Each structure stands twice: as C-alpha cells, then as structure tokens.
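Participant: Give me coordinates for this.
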Amino acid sequence: MFENLTDRLSQSLRSVTGKAKLSEDNIQQTLREVRMALLEADVALPVVKDFVEAVRQRALGQEVARSLSPGQAFVKIVQAELEAVMGVANEELNLAAKPPAVVLVAGLQGAGKTTSVAKLARLLRERDKKSVMVTSADVYRPAAIKQLETLAEEVGVAFFPSDDSQKPVDIAKAALAQARIKFCDVLIVDTAGRLAIDEPMMNEIAELHRAIEPVETLFVVDAMTGQDAATTAKAFAEVLPLTGVVLTKVDADTRGGAALSVRAITGKPIKFLGVGEKTTALDPFHPDRLASRILGMGDVLSLIEEAEQKLDKQKAEKLARKVKKGKRFDLGDFRDQLQQITSMGGITGMLDKLPGMGNMAQMAQQQVDVKQFARMEAMINSMTPVERRRPEIIQGSRKRRITQGSGTQVPDLNRLLKQHKQMQKMMKKMKGGGMEKMMRGMGGMMQGGGPGGMPPGMPPFR
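Facilitator: Numbering: from 1, shown residues only. From the prediction side, this is the model:
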C-alpha cells in the first residue's frame, strides 16, 4: 500500500532525521523533496501546497528549535500534518437513529460499490452485532441485483429482492418498509453507477436520497484514480449531502494520491478502506495509523485489532496447551497455523504493518509464491488423519497419492515435510516455558537459517 510514496518520503526525511541542528536551508531542501514525492503520488496540487507550507511554518518555529533531537521533531511534524490532511481521527458511521438506520451508497461504475455494500454489511453484523438488510436500486447494470443477493447470502445478512422493471425510489421505499417489519437495525441501499458523472444520474440519486432520508450517504471511489477520485467525490458532494467516503482498491495503490486528497478537496471524511477482494477486506480508516505506515513506521494497533477479530482464539489456546505439555506438533496443527496467517492477509499483509518492515513486505510480495500456502494446505488435506499425526510414515506410494490428490509435485511435498520438521523442532524449545530459547532460534533462522531467509514454516522465496 502506497509503496512509492513511502519510499520517496522515507528517503527525503532520512537526510534530516539524525541532524542535531536544522537550518532553513536544509529544511527547504527536504521540503522540496517532500513536495516532489507528493506530486509524484498524484496528490492534488492545492493539497501539496498547503501541506508543505504548514510543515515549513512549524519546522521553522520553536517546536523544532527547542527540541533535543530536531531531526526527529521534524519527522513528527510531517506525520502530524499528514494526519491533519487525512482527517486527524477515525470517524465512525453515525447510526444513532430510529431503526432501521439507512445507509445510501453511491459512486461511479466499476468503483466497487456492490462489493463494498457486502463488506460493510458484514462488518456491521460481525463487529457491531447489528441486524442488517441490503437491497439493490441498480436497475441498469445487468446482474447487479443478483450479485448483491449472492454476496448477502455469503456474508449472512437479509436481502430485499428487486428487479429491473422497478423504479429505484420504489425499491428503496419498499425495502425500508420491509426492514421496519423485520426490525432490522440497518438498511444499506446500493445505487446505480455510471461511467461518468451525468445530470440524469445525479437527479435520480438526489430523488432517492430525498425519499429515504439516509443517516449516512457514502461515496465509493477507486483509490487507483488518484486525485481524480477527490474531484469526482467533490462533484457528488455538490449534489448529495455526503457524510463520508469509502476508498476501494487501496491494497493495489502504490501512490496514495486519493487518500491524501479526498478529505481536503471534499471536506468529507474517509470512513473505510477497501483492502482486497474478500468480504472481510474492509478496514475502518484511521488517519494516524495510515500516516505512520506512509512514513514506514508500521501500524501495530491495526495488526493487534486484526488478530483479535480474525484469529481463532480456541485453536491458538489449544496449540499453546499442547506445546506447553510437550505434545507433538503435527501437520494438523501446521495447517491451522497456515490458515491463521492467511486470515491475517498472509506474510505480506502482516509485514506491511510492522515498523520498518514495509520494504520487507514489498520484497516478499515480489519473491514469495503467493499460492504456496494454498498448495501446502491442499497437500495436508489430502493426507489421512494418521499421516497428519505421524508424517514420518509418508513415503513412496503415500507421497504419490497425496500429490496426485492435491495437484502438486513430490518436491512440493518434500519441502512441506521439511518445513514442518523445522517448525516441530522450534515448538519443542517452547516446552515448559522455553520461550527465550525459541526466540533465539527464530533469530538465527531469520538471519538465514530457514528456507529463503524466512522463519521455518513459511513458504520459501522463489
């Protein structure tokens, strides 16, 4: 996420970080580089100008002059101003209304509205324990209604049916009446997108807004479009009373122009980030955490929250008890660990949130075979329960059966068994509280002991 911007800003700020004294000259040189980094990231020019001027004013003031480490104080100023540009604090959905609270979702075609509706419905159901209904007022795009119905079933929320012979306003009113009857807490209405902003589209969505009076009107926009995202959002905000923005495809955006421009251009907060295709891939937007990530400082808080929400605590506790008692770490346990890592966004997703590991995440993205975890899991699934408990019996014909059943090759299976053996040795060191030994062992492996320099159990770089 925003790799190019992170690289450029990190390089620019490195020159001043360790300085004991900052002068106007070296501050101006650094700010020129910061300005170029932001422009290359496709941040809107007015936003860049205001940002650089705000940093310059603070950097030349007493805040830096009196600091014991002026270089670090300067970096803190840059971080604070990044947060200010993006909105300072996380802004939650305001659902404090007589149920059902209506959320209207708007945006251009292809921005990911329908998927975002499903992601938001899942988030509200699982995190906030809300009963949610969704409906589609998109009567123009073929299969849009069916797509939302399928996604609603996947995320476990109620779906109000509609068809392309109805008017969007009639669909929304009928859905609202049904949501009241069903005592739903939230109704999310998906609207039609267009390939460009046009007057009929704006008139239709404005009429829809008046008819159902939503408490939240969210604009979904593709982060990959850079500062155009902010311009489009502003055009919508002139017609609709938007309450927030959902930035999609953020995981594929190396620049970050949209994230840094939308709030300043529209005056509307970014409320969520779409960070992948899965229905779990929607994150509440925290400007302070994103600023930290952009400056290569990681985002440990989000990593902890993700772990709390996505990791299977029962499996983790069961494994901890098993290891503490010195019981054997088998291939079934190994599969559980692979699934836990995958649920956290894989190796790259975890590294990206750790301080100073952004470059490692990029390297892993380029070098790790991303399908390796799926292949490893498929091989373990192809084994019998006895083979999972006693991997040493997997020889000859057993190897051929397992690889044929999982669509893999014998060398893949040999590599899996070797990695499991290494993981097993590491787990033995944890018996009876030998955590320190294990950490020392892992340290050695991180320096090159494991395959491809990764810890045992991780797929090798290819």
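
Participant: Would you check that Ile380 makes contact with Asp330?
Facilitator: No. The criterion here is Cβ atoms under 8 Å, and Ile380 misses it with Asp330 at 9.8 Å. Using the backbone N, CA and C atoms, a C-beta is placed for each residue, glycine as well.

Participant: Which neighbours do these two have in common?
Facilitator: Common contacts of Ile380 and Asp330 (Cβ atoms under 8 Å, 6 or more residues apart in numbering): Arg388.

Participant: Can you pick out the residue with more neighbours from these two?
Facilitator: Neighbour totals were compared for Ile380 and Asp330, and Ile380 leads with 23 against 18 (other Cβ atoms under 10 Å).

Participant: Could you say whether the more buried one sits in a helix, a strand or coil?
Facilitator: Here Ile380 is recorded as helix under DSSP: H, G, I helix; E, B strand; the rest coil.

Participant: check contacts around the closest residue to it other than its chain neighbours.
Facilitator: Distances taken as Cβ to Cβ, 6 or more residues apart in numbering put Arg335 closest to Ile380, at 4.4 Å, once the chain neighbours are dropped. For Arg335, the contacting residues are Met376, Glu377, Ile380, Asn381, Arg388, by Cβ under 8 Å, 6+ apart.

Participant: Any stretches of the protein with poor pLDDT?
Facilitator: 1-5, 8, 10-23, 61-71, 194-197, 253-256, 293, 296-328, 341-371, 428-462 (pLDDT under 70).

Participant: domain ranges for the chain?
Facilitator: 3-86, 101-303, 307-453 (automatic domain parsing).

Participant: Make JSON lines from these and add distance to Glu92 to it.
Facilitator: Shown next, in JSON lines, are these (distance: least, Cβ to Cβ, whole Å):
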{"stretch": "domain 3-86", "distance to Glu92": "16"}
{"stretch": "domain 101-303", "distance to Glu92": "7"}
{"stretch": "domain 307-453", "distance to Glu92": "16"}
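
Participant: and those, which is most packed in?
Facilitator: By mean neighbour count, with neighbours taken as mean count of other Cβ atoms under 10 Å, domain 101-303 ranks first of those at a mean of 20.

Participant: Quick check: the gap between the nearest residue to Leu247 once chain neighbours are set aside and Val250.
Facilitator: Among residues not flanking Leu247 along the chain, Ala223 sits closest, at 4.6 Å (Cβ to Cβ, 6+ apart). For Ala223, the distance to Val250 (Cβ to Cβ, to the nearest Å) stands at 5 Å.

Participant: any shared contact partners between the two?
Facilitator: The contact sets of Ala223 and Val250 overlap at Ala259, Leu273 (Cβ under 8 Å, 6+ apart).

Participant: if I read this right, Ala118 contacts Ala152, doesn't it?
Facilitator: Yes. With contact defined as Cβ under 8 Å, Ala118 reaches Ala152; the gap is 6.7 Å.

Participant: ok now do the closest residue to Asn381 other than its chain neighbours, which residues does it touch?
Facilitator: Distance criterion Cβ to Cβ, 6+ apart; nearest residue to Asn381, sequence neighbours excluded, is Ser406 at 7.0 Å. By Cβ under 8 Å, 6+ apart, Ser406 lies in contact with Arg375, Ala378, Met379, Asn381, Ser382.

Participant: Please apply the same query to Leu176.
Facilitator: Contact analysis of Leu176 by Cβ under 8 Å, 6+ apart lists Pro100, Val102, Leu187, Ile212.

Participant: Look up phi and psi at the second one.
Facilitator: This points to Val102. Dihedral pair for Val102: phi -90, psi 130, per degrees, to the nearest 10.

Participant: Can you tell me, leaving aside adjacent residues, what's nearest to it?
Facilitator: Leaving aside its chain neighbours, Val102 sits nearest to Pro214 (4.1 Å; criterion: Cβ to Cβ, 6+ apart).

Participant: what kind of secondary structure is the one you found in?
Facilitator: coil.

Participant: mind listing the strands for the stretch 1-150 of the chain?
Facilitator: 101-107, 132-136 (DSSP state E, counting those that start in this stretch).

Participant: Out of the contacts of Arg335, flag the one nearest to Pro142.
Facilitator: Of all the contacts of Arg335, Pro142 sits closest to Glu377, with 35.4 Å by Cβ to Cβ.

Participant: so which strand or helix has the closest one?
Facilitator: Per DSSP states H and E: Glu377 is located in helix 372-381.

Participant: which helices and strands sit right next to that helix?
Facilitator: Where contact means 3 or more Cβ pairs under 8 Å, 6 or more residues apart in numbering; DSSP states H and E, helix 372-381 is packed against helix 331-343, helix 396-406, helix 410-428.

Participant: To Phe74, which of the ones you listed lies closest?
Facilitator: Nearest of these to Phe74, taken as Cβ to Cβ: helix 331-343 at 37.0 Å.

Participant: can you tell me how far the residue lying closest to Leu39 once chain neighbours are set aside sits from Lys271?
Facilitator: Leaving out its chain neighbours, the residue that sits closest to Leu39 by Cβ to Cβ, 6+ apart is Val48, at 5.8 Å. Distance of Val48 to Lys271, computed by Cβ to Cβ: 24 Å.

Participant: same question, Ile171
Facilitator: For Ile171, the distance to Lys271 equals 24 Å [Cβ to Cβ].

Participant: Stretch 129-137: end-to-end distance?
Facilitator: Terminal residues of stretch 129-137 lie 25 Å apart, using Cα to Cα, to the nearest Å.

Participant: what residues does it touch?
Facilitator: For stretch 129-137, using Cβ under 8 Å, 6+ apart, the contacting residues are 95, 100, 114, 117-118, 121, 124-125, 144-145, 147-149, 152, 157-162, 168-169, 171-172, 175, 178-179, 182-192, 208.

Participant: so of those residues, which ones are in helices?
Facilitator: Among these, the members falling in helices (DSSP state H) are 114, 117-118, 121, 124-125, 144-145, 147-149, 152, 168-169, 171-172, 175, 178-179, 208.

Participant: what residues are up against the residue nearest to Leu247?
Facilitator: Residues near Ala223 by Cβ under 8 Å, 6+ apart: Ala229, Leu247, Thr248, Lys249, Val250, Ala252, Asp253, Gly256, Ala258, Ala259, Leu273.

Participant: that older thread, may I see the strands of the stretch 1-150 of the chain organised as CSV, with distance to Arg401 added?
Facilitator: Below are the strands of the stretch 1-150 of the chain laid out as CSV (distance: least, Cβ to Cβ, whole Å):
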stretch, distance to Arg401
strand 101-107, 49
strand 132-136, 45
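
Participant: re earlier: tell me the one of the contacts of Leu176 nearest Leu413?
Facilitator: Proximity of these to Leu413 (Cβ to Cβ) peaks at Leu187, which lies at 50.2 Å.
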